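K.L.:
sequence first, then the predicted structure:
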Amino acid sequence: MSMDLLNIARTGVLASQAQLAVTSNNIANANTQGYHRQVAEQSSIGSQSMGGEFYGAGTYISDVKRIYNEYAARELRIGQTGASEAQTTQTKMSELDQLFSQIGKSIPQGLNDLFASLNSLADLPDDMGIRGSVLGSAGQLADSLNQMQYHLDGQMKQTNDQIAGITDRINEISKELGQLNQELMKSQGEDAHLLDRQDALIQELSQYAQVNVIPLDTGAKSIMLGGAVMLVSAEVSMSLGTMAGDPHPGELRVVANIGSQSQTIDPAKMGGQLGALFEFRDETLIPAELELGQLSLGVADAFNQANGQGFDLNGDMGQNIFKDINDPTMSVGRVGGFASNSGTANLRVNIDDVGGLSGSSFELKYTAPATYELKDTITGSVSPLTLNGTQLDGANGFSIHIDSGALADGDKFEIRPSAGAAASIAVEMTDAKGIAAAGAKVTPASSNSANTQIEIISIDRNNANLPLTGSELTYQIDPLANTFTVFDASGTLVSGAAAYTPPTITSNGFSFDLDTTSTSTQSFTFDFSFAPGDNTNAVAMANLSEAKLMNSGGSTLSDVYQGTKISVGGKAKAADIAAGTAQSVYLQAYNRVQSESGVNIDEEAANLLRFQQAYQASARIMTTANEIFDTLLNAVR
């Protein structure tokens, strides 16, 4: 009987020792990230029959169990993905908001300074100092737009670098998870340390993208990203990579590499930091760049056109202040062809009416034999285009030119009419005398059609027949017959009906373009007298500050920038709120996991005392058994 007591005591000591070891390990790892507490489950050894009765034979540790709740872990992964996505969006939007609020404040200030200098010029139109100030203000505005685009380009590069960095880290995790799966398959998924390491890696992975975990019978786990990309299949690890964007190389894409095959990943399905970076880049950063380009086109075109309507200090028609909006350096990047295109067409986009632009991007699709469709990527509206020679017409504010080659069935192009404008805008005028402060007097007849307009193209000051004050000339134009008749100030016929080739009329030392849809006679009286003190055109240019030139007559130049700034600010505020909400959801899931799997020091300390007492009690049984055995031996001596 003493031997039975000794054996029972031995099992009790061993069981208590194991429980003390597990509890001590829990306490030691209380602050270890990703550690799941363990429990030594104790069971009773089967009873033994003696003298018709059954007696217990002791105890043993039946299992060292790792406390893990798959549902809670899944909720934690989902919460982590949402929180990381929201936090990344908040960070990126905050950076962009600060960029528009701090660096970008020089743009509206530059516009105000330019208009202020034009107002000063209207007071003293022949003052060379003020004229120099006008050119200086124009240059500062162009520099501000260039600088803002430079910083936006920096945001694009930073975002691309972050995307590339995340894919590199995902590949490292993928490789390590494959190796862990190999080790876990050896133990059928029983090694708690390896399981903790595996869960920690999966939890980190859920920061970067949405993660789906598929447990396998072998003890390994397969991992999918975004519900569509298999990253780890048992011990086989896949990888992600980045490649140049299509059709714009500077906008990185993410691809999944499976053997020698690559599959482009839809960033909208990724979630996490990766999805947030793509969404920020494509839905906020690129539109902001295009709207900044729209403003740059508006500035250059408005002042170039206005200056072209007046006379400079030499008495000549005003020339461009800013670089022409269809200069090749201004149109870089307006068209991008997709890699899947089989045609050979080289396209170019010309801006015909800046006021008709919206800051959107478009997708041009060709379907043989002769269908051209333009889709607004923001609104989704589709417009048919008409091919006239080598020019596609029908878009708002711009036309598409086929410079060479031919389109093939299914070819697609992305059209960004305002791309590259903010980086390329520059002051072209170098002589302040070229500012056309004086204005031409062109008086339309009251009977003219409301949609009839003219634009002065050139003036020859040396032509003796040029109409001046006192000898004004009136042109009666028949747009149906394409003829014009000229009368002098007294109404006497100067020249009979003469033919012209629309839209340009050249006569008496000047040329002008006629823009009308009317079929009735249109009449204009011209006076090209010039006086250095005339401020008519300077006043007109200064009044551009209030003119609704943009977005089909809905916005001023300043409104375009303010609209972009307000939009970015609104998104930044929404991102702050979303980040707070997502963090709360994550903390709820984290606390739930910790309540089940985390180490509670007070609870473990209590267990430590309880198992210590059990150990001491079992040891006391061993002492008692030994004393009984000694007593028996002494009795038979």
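P.N.:
On my side now, so go ahead.
K.L.:
what score does Ser117 have for pLDDT?
P.N.:
For Ser117, the pLDDT comes out at 97.
K.L.:
so it versus Gly104, what's the distance?
P.N.:
21 Å (CB to CB, to the nearest Å). Every residue, glycine included, has its C-beta placed from N, CA and C.
K.L.:
more crowded one of these two?
P.N.:
The residue with more neighbours, out of Ser117 and Gly104, is Gly104; 25 against 22, by other CB atoms under 10 Å.
K.L.:
which ones are touching that one?
P.N.:
Met148, Tyr561, Lys565 (CB atoms under 8 Å, 6 or more residues apart in numbering).
K.L.:
please apply the same query to Lys65.
P.N.:
Counted by CB under 8 Å, 6+ apart, Lys65 has contacts Gln38, Val39, Ala40, Glu41.
K.L.:
biggest helix in the chain by residues?
P.N.:
helix 128-187 (DSSP state H).
K.L.:
in this structure Asp199 contacts Arg66, no?
P.N.:
No: contact criterion CB atoms under 8 Å: Asp199 and Arg66 do not qualify, at 9.9 Å.
K.L.:
need the residues touching each of these two.
P.N.:
Listed contacts common to Asp199 and Arg66 are His36; contacts here mean CB under 8 Å, 6+ apart.
K.L.:
for those two, indicate the residue with more neighbours.
P.N.:
Asp199 (22 against 18).
K.L.:
does the nearest residue in space to the more buried one that is not next to it in sequence sit in a helix, a strand or a coil?
P.N.:
Nearest residue to Asp199, sequence neighbours excluded (CB to CB, 6 or more residues apart in numbering): Gly34, at 6.0 Å. Recorded secondary structure, Gly34: coil (DSSP: H, G, I helix; E, B strand; the rest coil).
K.L.:
need the pLDDT of Gly34.
P.N.:
The model reports Gly34 with a pLDDT of 84.
K.L.:
go on, Ile67?
P.N.:
If you check Ile67, the pLDDT there is 88.
K.L.:
just to revisit the earlier point, how far does the longest helix of the chain sit from the chain's center?
P.N.:
Once both centres are worked out by CA atoms, centre = their mean, to the nearest Å, helix 128-187 turns out to sit 10 Å from its chain's centre.
K.L.:
would you mark the buried spots in stretch 455-462?
P.N.:
Buried residues in stretch 455-462, counting neighbours by 16 or more other CB atoms under 10 Å, are found at Ile456, Ile459, Asp460.
K.L.:
now for the lowest-mean-pLDDT helix or strand in the chain, which elements pack on it?
P.N.:
Across the helices and strands of the chain, the lowest-confidence element by mean pLDDT, DSSP states H and E is strand 48-50, at a mean of 76. With contacts defined as 3 or more CB pairs under 8 Å, 6 or more residues apart in numbering; DSSP states H and E, the packing partners of strand 48-50 are strand 53-55.
K.L.:
all strands for the stretch 251-400 of the chain, in order.
P.N.:
253-258, 261-264, 310-311, 335-337, 346-351, 362-367, 371-376, 382-388, 391-393, 398-404 (DSSP state E, counting those that start in this stretch).
K.L.:
the second one packs against which elements?
P.N.:
The one in question is strand 261-264. strand 253-258.
K.L.:
residues in contact with the strand it packs on: which ones?
P.N.:
163, 167, 229-231, 238-246, 262-265, 267, 270, 274, 278.
K.L.:
swap in stretch 419-429?
P.N.:
135, 138-139, 142, 145-146, 148-150, 152-153, 289-290, 292-297, 299-300, 319-325, 327, 329-334, 435.
K.L.:
of those, grab the buried ones for PyMOL.
P.N.:
The buried subset of the contacts of stretch 419-429, as determined by 16+ other CB under 10 Å, is captured in PyMOL by this line:
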select buried, resi 135+138+139+142+145+148+149+152+289+290+292+293+294+295+296+297+299+300+320+321+322+323+325+327+330+331+333+334+435
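K.L.:
for Gly509, give its distance to Thr492.
P.N.:
Gly509 is 19 Å from Thr492, by CB to CB.
K.L.:
any stretches of the protein with poor pLDDT?
P.N.:
For the chain, the stretches flagged by pLDDT under 70 are 1-3, 637.
K.L.:
which stretches in it count as helices?
P.N.:
According to DSSP H, the helices that the chain contains are 2-28, 70-101, 106-123, 128-187, 192-208, 272-280, 286-308, 421-424, 536-542, 557-597, 601-635.
K.L.:
in JSON lines, list those along with distance to Ala445.
P.N.:
Converted to JSON lines, those look like this (distance: least, CB to CB, whole Å):
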{"stretch": "helix 2-28", "distance to Ala445": "96"}
{"stretch": "helix 70-101", "distance to Ala445": "47"}
{"stretch": "helix 106-123", "distance to Ala445": "28"}
{"stretch": "helix 128-187", "distance to Ala445": "34"}
{"stretch": "helix 192-208", "distance to Ala445": "69"}
{"stretch": "helix 272-280", "distance to Ala445": "55"}
{"stretch": "helix 286-308", "distance to Ala445": "23"}
{"stretch": "helix 421-424", "distance to Ala445": "38"}
{"stretch": "helix 536-542", "distance to Ala445": "20"}
{"stretch": "helix 557-597", "distance to Ala445": "32"}
{"stretch": "helix 601-635", "distance to Ala445": "94"}
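K.L.:
wait, which of those helices is closest to Ser471?
P.N.:
Smallest distance to Ser471 across the helices of the chain (CB to CB): 19.1 Å, for helix 536-542.
K.L.:
helices or strands up against the closest one?
P.N.:
Judged by 3+ CB pairs under 8 Å, 6+ apart, helix 536-542 is in contact with helix 106-123, helix 286-308, strand 310-311, strand 438-439.
K.L.:
before I go, just wanted to say thanks for your time.
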